[in-house]
Structure formats: C-alpha cells, structure tokens
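[1] 3D model of this:
(chains A and B)
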There are 2 protein chains.
Amino acid sequence: MSRRATVVGVGLIGGSIGLALRELGWHVSGVDPDGERCSRGLELGALDAVGWDPDAEVTFVATPVGLVAGLVAEALDASPGGFVTDVASVKAAVVEAVDDPRFVGGHPMAGSELDGVEGADASMFRGANWVLTPGGATADAAFTRVRSIVRSLGAEVVTLSPKRHDALVALVSHVPHLTAASLVGLAARRSEEHSAVLRLAAGGFRDMTRVAAGHPGIWLDICAENRAAITEALDDLIGALGEVRREVAETDGDRLLHRLESARTARVSLPTGAPPPSELLEVRVPVLDRKGEIASIAALATELDVNIYDLEIAHSAEGDRGVVVLIVDAPLADRLTEGLEGLDYRPTSRPLTQG
Amino acid sequence: MSRRATVVGVGLIGGSIGLALRELGWHVSGVDPDGERCSRGLELGALDAVGWDPDAEVTFVATPVGLVAGLVAEALDASPGGFVTDVASVKAAVVEAVDDPRFVGGHPMAGSELDGVEGADASMFRGANWVLTPGGATADAAFTRVRSIVRSLGAEVVTLSPKRHDALVALVSHVPHLTAASLVGLAARRSEEHSAVLRLAAGGFRDMTRVAAGHPGIWLDICAENRAAITEALDDLIGALGEVRREVAETDGDRLLHRLESARTARVSLPTGAPPPSELLEVRVPVLDRKGEIASIAALATELDVNIYDLEIAHSAEGDRGVVVLIVDAPLADRLTEGLEGLDYRPTSRPLTQG
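    Here you go, the predicted model:
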C-alpha cells in the first residue's frame, strides 16, 4: 500500500511537492479552487487523483498566505488521522490561528522564476532549507513525521519559532524584495526624463532587481501578514543607508571601507548549509513523551538566541520517555544547557562525532 | 603598418581592451606601475610591448578613478599626435580636470566577476553600452575617432554629458552597490545573534547581494569622486523606502500593489539596446568644423532631457562644413530641433529608414 498525501493548491510549490512525493511512491491527491490546475497537475504527473483524501497521512497547504489558516482547518477535518503542514512565507499569524496538535507550520526556502504547476520540479527541494515552526500546540509526533517527510524530499530542516522565522525572512527576503522594487521604481521614474538610465543598467543592477520581475500579487498578503517584522527591518535598512549617506557625504573613507569589507566577508561566506561538524555540539535532553515538549525546547532556544541546526526525538523502546537530540553551535551550547536546567531538564552535551 | 594604441593600467578592463584591439590587428603597448602586470599582459597576449608609445593613435587610461586625471595628462604628453580616453566609472571630475581637445571621457558598462588581467576577455565589450562624455574642450575629431574605435570593439556608444552620466550611474550602479552591502551588513549583524539568518538567505538574496562580494577598494574612490550624485540618489532611495514603510505599516494595499506592478513592468522591460527604429528619429544639424561643436549639441540635448542614441559627423568633401547626425527618441525630436534653432542651428529631422 502506498503512503497517501494531499496537496492543497496545485501551483509551483504544491506541484513540486506532488512530483517529489510520487517519485518516492506516494499516492497524491490534489485540491484547488481552480479545477484547471488540478487537471494540469494530473497531466504533468504531480497528482494521482483530485479531491480531499480522508486517508492522507500528511496534507501540504500550498496556497497564498491569506488562505492558509482556513484551508489548514479544512484539511484537519478532511483527514482526521493525518498531519497537516503549510508552505507560506509568513508563519506567526498562521500558527496562532491554527491551534491544533496535528499541525506544524513550514516554509521551504525554494522557488523558481517559473510560475504555476507548469514550472513544478521534483528536485526543487533537494539541498534547500525547509523551515519548520512548531507552535505550543504542535504534538511531537506531528513535528517528527512532517520533518522526516520533508527530509525525504531532499531538504535540510531548520527549526525556528514562528516569530523568529518571520523576523529573519523579513530581513533576507521581504525587505530585499521591496528594496529591489524601490530601486527599479527610482530608475524608471528617472527614465521618463532620460531614457538612457535604463540602458546604463548593467549586470549588477539586473541581478539586484531580478526579484522585482516576479508577480506582485503574493506580496500584498506577505506585507499584511508580516507587517511588524517588515517595518522593523525597513527601519534598520533606512538607518543603515542613512549612515552610508553620512560616510559618503563626509568622505569618511575608513568607515566606508570597513563597512564594505565586512559586507564582502559576510557575502563570500554565505553558508550553503550548516557549519562544519567541528563547530557544532549535540545536546541530549531526556523528556517525557508529552505534547509540546519540542515546541517548549525550541522556544527556549529561540529566547536564548541559540540556533537549532537539527532536532530529532529518540524514543525509548518502552515507557513514555524519550530523548530530544539538538544540534547547536558549540559556543552557545552552554547557554542552552543552563537554560534547560533552569526549566528542570537534565541535558547533556557532547561533540558531534562522525560515526 | 599596424594602428597603434597604448593601454595604461593592465587589469581586467585594460587587458580586455588590449586583447580586443590586438584581435583587430592593432599594436598595443602597456603601461602599469606594477611591472608584474605588464609581464602577465604580454604572456596572455593582451600586449605587444611595454612602455609609452609616442606613435599611439589612442591611449586608454584604465586605472582606478583617482589616478585617471594625472595619467591622462601624462598620456597626452607621451603621444603628442594621439587621442586619449579613459574608462573610469565617474566622469565629471576627470573631464573638468583634463581640459584638452584630444581627450574624451568614457565608461564601458561591462565587467566580470573575475579580477585583474587574468580575467581579461577580448569579447567583453561586444553588445555592451559604452558611454562617451565629450566635454566643452573635446575636439570633434577626438570624439569621432574614439567613438569609431570603441564601436570596432563591438560596443554600442551612448553619448552623455559628464554630469548626467554621473547622476545616472549613481542610481543604477553606485547606490545599488551600497544598498547590497547594507543588506548584507544587516543580515550579518543579525547572524551574530542568530546564525540561521544566513541559512535562510535563498536565491533572491544571493542574487541581490552578489555585487557586495566585489573588492571594496575601488568604491572609496567612486564614492569620493561621485559624492554629490550618490548622496542625492541615496536620499531618493531612503525617501522611497520610507513611503514603502508607510504603505506596509498602514496596509495600504492599493499603493503597494501599484508600486510593485510598476516596478515589475519596468524590470521586465529593461532594454538591452536602443528602442526599435520606428520610435527613433534622425536629426541632422549642419555645423562648421569647429572644436566643441559636438559637445555643445550634446550639452543642449542633456539640458533638454533628450537622449542621444547615436551621433556621428558627416564631413563635407570640401570646405569646413559638416553635418552632425543625431538619433533620438521620436517624441522628443521637436524639443531638440526647437532648442537647436534657438542657438541658430538649422536642423532637419526625418524618420529612421532602413537602407
């Protein structure tokens, strides 16, 4: 018997999830308000069937962010024994609206310049980061099952609290997008006076503003749902540009050089995955198999600014005990273990050993 | 006999000019304070010889912008019968400092992620825009000769006044670069608290910030030389981001959508060359063969915000008269001809015909 999944929203991401799951032998059902898209999904091999599947082990809600909370509730009803996750770019509002142990929020950091199910690709998630954002209500079983399915698609899982996720994507995705649109807007306005401006837009400008060529529709939802984090990150950027302006106006070469050199160092060392194992520690935390244990540990790590590179639960063979295994930056492991001890956990830590 | 050129500064751009000229059969001499680079230039086939060439028909000064004015003066002395041009990214200061009929400022809008003469490429300028910025002192003969040599390298020539050039590159190159560095700087600062931020930096962020991986050294010169235009463009960007912030904070979806849609339209229609011939007009202006005739016509066009897509001089077979032929946007041609009439020129205009 095949494992069964439902995909809600048969577009670029939903279609890619369908293709990838079917390659792994899953049976995939599709739901979309636009029946045309389901038909294309069937034709393109992203779906086996159309409609809700009551036996779905997992449902991926892959619609614009404004529709997610309602469709997650529908999905929870449609498959009473299944887990549900979503792929929206903003998480706090959705996780707050859906208070259910069978739901865990998610956000694959992947995409393409293509559009719709026509652009779907089974390999889209290979090597991509896929954020999961367990909330207070999320059952450990929901988190671990969704995590293992996401990993089977080839993605690396990053665990973050919903609020932390939203603050970080505001900084590395939402505000850069709005900035690209602003730069293009200024150039376009100037080009009404002087059309040469766009001819002078060489490779660097094209690279920087490529994201502004995307469909604007989804951005209204994102800006509405992530308003607080986006305005904060915009304030940070406006502040930084004000400092740059001062440095240029005063020909403050030392500061400017320092700024550009720091940026260069950061840019060339953008990680493509986790740090090398030598810089990581494994923290093991014995827990009772209780609802929300993972979320409370993840929330503590967030509060302490300790990033969790990886997280899994090892269940004991008997009884209701297990061990949560966290992989964290070595220099921050002590901070985490002390915090955990403050909450009466009994963590141990050890270097990451290879085999 | 080969035509002869000198390249001053044997780096990425100077080396590429040397390779491209030599492919066309020129004899190319190289000058560089760093003798190593001349040796590499010889080895890589970018140069025929090392040292100043008194018989050079043209000298390209391809050094960091701070050194250009001094080296242009040296080049004018070194080849008393030759023309001199440069490739610096800022033009007004250089053109002001060099007051000589044999000099015309230039700026090829081309480059590569590679560095130094090792990255030089004979085809670097094929299809690229190459701005020429004749000043008041520039002789027509200097402009037309340099223009035809630049075109022989495969570049499209755009003629702008030095100040206009500087304002436009501030907007499409200098400020985008400083913005990319600022975005990376904010993400890097946040990553000290929370290392996940850089893991979430997916494709769009990488594209947007790629330019920040370049060597910061040249940017100090650029910021110093183009201070006024850069601070003005930074003010414009800070203002635009402030408007975006308000629209996000107030969930002003209509304005935000309009902004993003306009940006998308502008981005997807970034021109790769001049408009189609049907949108262009040819304006013919009879002139006396006098020094500075081209510069004064180009300056008028700039003042009237009429872009010159192409410009050449047809000399009469006898006497001291010629015709300056300008290619401009059709809707703006009247504005230019009226302005020219105001200066006692007798321009005529006609549609661009193909053969």
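
[2] okay, CA-based contacts and neighbour counts for the rest of this
    Noted.

[3] in the stretch 251-355 of chain A, which ranges drop under the pLDDT threshold?
    Where the stretch 251-355 of chain A drops to pLDDT under 70, the residues are A:271-277, A:289-292, A:313-320, A:352-355.

[4] Any residues of it in contact with chain B? List them.
    Where the stretch 251-355 of chain A comes near chain B, counting by C-alpha under 8 Å from any C-alpha of the partner chain, the residues are A:251, A:253, A:256-257, A:259-268, A:270-274, A:305-307, A:309.

[5] Show me chain A divided up by domain.
    Per automatic domain parsing, the structural domains of chain A span A:4-160, A:165-267, A:278-351.

[6] Tabulate the ones you listed (CSV), appending mean neighbour count.
    Below are the domains of chain A laid out as CSV (neighbours: other C-alpha atoms under 10 Å in any protein chain shown):
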stretch, mean neighbour count
domain A:4-160, 21
domain A:165-267, 21
domain A:278-351, 18
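
[7] among these, which is nearest B:Val283?
    domain A:165-267 (17.4 Å; C-alpha to C-alpha).

[8] Endpoints of that closest one, how far apart?
    Using C-alpha to C-alpha, to the nearest Å, the end-to-end distance of domain A:165-267 comes out at 21 Å.

[9] Could you do stretch A:331-350 as well?
    12 Å.

[10] Am I right that A:Thr209 is in a helix?
    Yes - using DSSP: H, G, I helix; E, B strand; the rest coil, the assignment for A:Thr209 is a helix.

[11] I figured it hits A:Val184, correct?
    Yes - using C-alpha atoms under 8 Å, A:Thr209 is in contact with A:Val184, at 6.7 Å.

[12] before we move on, back to that, could I get the domains of chain A as CSV with distance to B:Gly45?
    Converted to CSV, the domains of chain A look like this (distance: least, C-alpha to C-alpha, whole Å):
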stretch, distance to B:Gly45
domain A:4-160, 40
domain A:165-267, 27
domain A:278-351, 46
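
[13] where do the contact lists of A:Thr209 and A:Val184 overlap?
    B:Arg267 (C-alpha atoms under 8 Å, 6 or more residues apart in numbering or on different chains).

[14] Most proximal residue of chain A with respect to chain B?
    A:Met208 (3.8 Å; C-alpha to the nearest C-alpha).

[15] for the closest residue to A:His107 other than its chain neighbours, phi and psi?
    Nearest non-adjacent residue to A:His107, counting by C-alpha to C-alpha, 6 or more residues apart in numbering or on different chains: A:Val87, 4.4 Å away. Phi and psi for A:Val87, reported as degrees, to the nearest 10, are phi -130, psi 20.

[16] State the pLDDT value of A:Val87.
    In this model, A:Val87 is scored at 96, pLDDT.

[17] Using the three-state scheme, assign A:Asp310.
    Under three-state DSSP, the three-state class of A:Asp310 is strand.

[18] Sorry, wrong one. I was asking about A:Ser29.
    strand.

[19] can you give me the strands for the stretch 201-350 of chain A?
    Here the stretch 201-350 of chain A has its strands, by DSSP state E, counting those that start in this stretch, at A:280-288, A:308-315, A:321-329, A:348-351.

[20] quick one: the helices in chain A?
    Using DSSP state H, the helices found in chain A span residues A:12-23, A:35-43, A:65-78, A:92-97, A:140-152, A:162-169, A:175-193, A:196-199, A:203-209, A:217-225, A:227-249, A:253-268, A:293-303, A:333-342.

[21] quick one, which of the ones you listed is nearest to B:Ser296?
    Judging the helices of chain A by C-alpha to C-alpha, what sits closest to B:Ser296 is helix A:196-199, at 18.6 Å.

[22] And that closest one, what does it pack against?
    Helix A:196-199 sits against helix A:175-193, with contacts defined as 3 or more C-alpha pairs under 8 Å, 6 or more residues apart in numbering or on different chains; DSSP states H and E.
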